[in-house]
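Participant: mind looking at a prediction? Sequence and model below.
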Amino acid sequence: MVLMALFTTFMTTPLVLAAYKRKARKSDYKYRTIERKNADSQLRILACFHGSRNIPSMINLIETSRGIRKHDALRVYAMHLKEFCERSSSILMVQKVRENGLPFWNKGRCGDSVHVLVAFEAYQKLSQVYIRPMIAISSIANIHEDICATAERKRAAIIILPFHMQHRLDGSVDIIRNDFRYVNKRVLEHAPCSVGIFVDRGLGSRCHVPASNVSVCIAVLFFGGGDDREALAYAARMAEHPGIRLVVTRFLVEPNIAGEITTVDIGDSSSSNSISEDEEFLAEFKLKTESDDSIIYEEKIVKDAAETVATIRKFNSCNLFLVGIRPTGQLVCALERSECSELGPIGGLLASQDFPTTASVLVMQQYPNRVPTNSGSEMEEHSPYVDTESS
């Protein structure tokens, strides 16, 4: 009996503690979106990348996100996505990690990972932004689970994913791997927070730009809906940086022909709720920024989809577009569908080779209320010290 009691105690105590910890951690996960009532609260970003080629633009994107608030207002987890190949060398390297507890990188074998670590550590020292580099090693079929589980554990408000195509400076496009397109789609489906897909055309050039030299023009194309509000909320945070200029353009249908545009019925109640939330959000945004000369808000009245596209094509002086994946409204319903559905109609237009711009694009999906995906992972952090908190 005594042995049974001891056995039961030893078995149940860890399970109860783990369940309590999981519940406490979930209740602490308050901010799953960038749009929030308390705009001064800490912003947590899980920034994913494929290799060292993505680093300069990713660091420049982080730099634009930090604003001028206290240094702990931004916390970034930089995740290097690596495919786990079923080869003996890869398996041995992972097993070695598990046996001796060391992170999965060393100067002799993983030069690319070392360069990544050095780049982020150098930026952290210069900018005072908290950055934790880490590496996810999974099969392509499961790597989205690592991303979602890490976002949940770190309580991220947004996951930033690299687009599966790499844009060159001459306008040509390289497909890194089509598999990563499906990784992005799975993350969009299962993410526990908002998601941004980053179409990189060399934001701030192909090298890191020091904070004092940052001069970036950001354009938000606003049609309506939660995704567009999330894009504008992120842009508003970026606009706190002294080197950022923000242009917000809201597209409206010309009143006398509004009924002539073909629309898709998505339900009167949800549509009217979205419109009222948009109006409230924009009114608050204009009130907060009316005295800020670095922020311009304008409204464009257009009559159809063709005029909408023609107006968008005139945006040729910005460095970064922020748009929603699923904008709402009559104009968007009339636009042609994008080949890359994960970018939405506006993001797909801006990311296409036919669009005359060198600006990068960040396409946003705001977190909806759904059950997140949880799973195990083959993920090890670069940091030499143990992360004892879920921060």
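Facilitator: Great, that's in hand. Residues are numbered from 1 along each chain as shown.

Participant: burial of the closest residue to residue 155 other than its chain neighbours, as a residue count?
Facilitator: Take residue 155 and drop its neighbours on the chain: the residue closest to it by CB to CB, 6 or more residues apart in numbering is residue 29, 4.7 Å away. C-beta coordinates here come from the backbone N, C-alpha and C atoms, glycine included. Under the neighbour criterion other CB atoms under 10 Å, residue 29 is assigned a count of 19.

Participant: also residue 339?
Facilitator: Residue 339 sits with 9 neighbouring residues when counted by other CB under 10 Å.

Participant: swap in residue 121?
Facilitator: Applying the criterion other CB under 10 Å, we find 14 residues in the vicinity of residue 121.

Participant: isn't there a helix covering it?
Facilitator: Yes - following the definition DSSP: H, G, I helix; E, B strand; the rest coil, residue 121 is counted among the residues of a helix.

Participant: got the contact list for it?
Facilitator: Residues in contact with residue 121, defined by CB atoms under 8 Å, 6 or more residues apart in numbering, are 131, 133.

Participant: and the pLDDT at it?
Facilitator: In this prediction, residue 121 carries a pLDDT score of 86.

Participant: ok, the one 4 residues further on next?
Facilitator: Each residue has a pLDDT score; the one for residue 125 is 85.

Participant: any idea how far residue 131 is from it?
Facilitator: Distance, residue 125 to residue 131, using CB to CB, to the nearest Å: 10 Å.

Participant: next: residue 287.
Facilitator: Separation of residue 287 from residue 131 (CB to CB): 33 Å.

Participant: just confirm residue 140 is within a strand.
Facilitator: No - using three-state DSSP, the assignment for residue 140 is coil, not a strand.

Participant: I'd like to know how many residues surround it.
Facilitator: By the measure other CB under 10 Å, the count of residues near residue 140 is 15.

Participant: now swap in residue 61 and tell me
Facilitator: The number of residues packed around residue 61, counting by other CB under 10 Å, is 24.

Participant: which phi and psi does the spatially closest residue to residue 328 that is not a sequence neighbour have?
Facilitator: By the measure of CB to CB, 6+ apart, the closest residue to residue 328 outside its immediate chain neighbours is residue 225, 3.6 Å from it. Residue 225 has phi and psi values of phi 100, psi 170 when expressed as degrees, to the nearest 10.

Participant: residue 225 touches residue 275, doesn't it?
Facilitator: No - taking contact to mean CB atoms under 8 Å, the distance of 9.2 Å between residue 225 and residue 275 leaves them out of contact.

Participant: more neighbours, the two?
Facilitator: More neighbours surround residue 225 than the other of residue 225 and residue 275, with 24 against 14 (other CB under 10 Å).

Participant: next one, pLDDT for the more buried one please.
Facilitator: The confidence metric pLDDT takes the value 93 at residue 225.

Participant: all the strands of the stretch 251-391 of the chain, residue numbers only.
Facilitator: Under the criterion DSSP state E, counting those that start in this stretch, the stretch 251-391 of the chain carries strands at the ranges 295-302, 320-324, 360-365, 379-381.

Participant: what about the helices in the stretch 1-150 of the chain?
Facilitator: The residue ranges that make up the helices of the stretch 1-150 of the chain, judged by DSSP state H, counting those that start in this stretch, are 2-28, 55-65, 88-100, 111-127, 143-154.

Participant: by mean pLDDT, show me the worst of the ones you listed.
Facilitator: helix 88-100 (a mean of 44).

Participant: what about the residue lying closest to residue 292 once chain neighbours are set aside, how many neighbours?
Facilitator: Spatially, and ignoring its direct neighbours in sequence, residue 292 is nearest to residue 239 (7.3 Å; CB to CB, 6+ apart). Here the neighbour count serves as a burial measure; for residue 239 (other CB under 10 Å) it reads 20.

Participant: cool, residue 41 as well?
Facilitator: By the criterion of other CB under 10 Å, residue 41 has 12 neighbours.

Participant: now it: how far from residue 163?
Facilitator: Note on residue 41: its distance to residue 163, by CB to CB, is 29 Å.

Participant: more crowded one of residue 287 and residue 131?
Facilitator: Using other CB under 10 Å, the more surrounded residue of residue 287 and residue 131 is residue 131, with 21 against 9.
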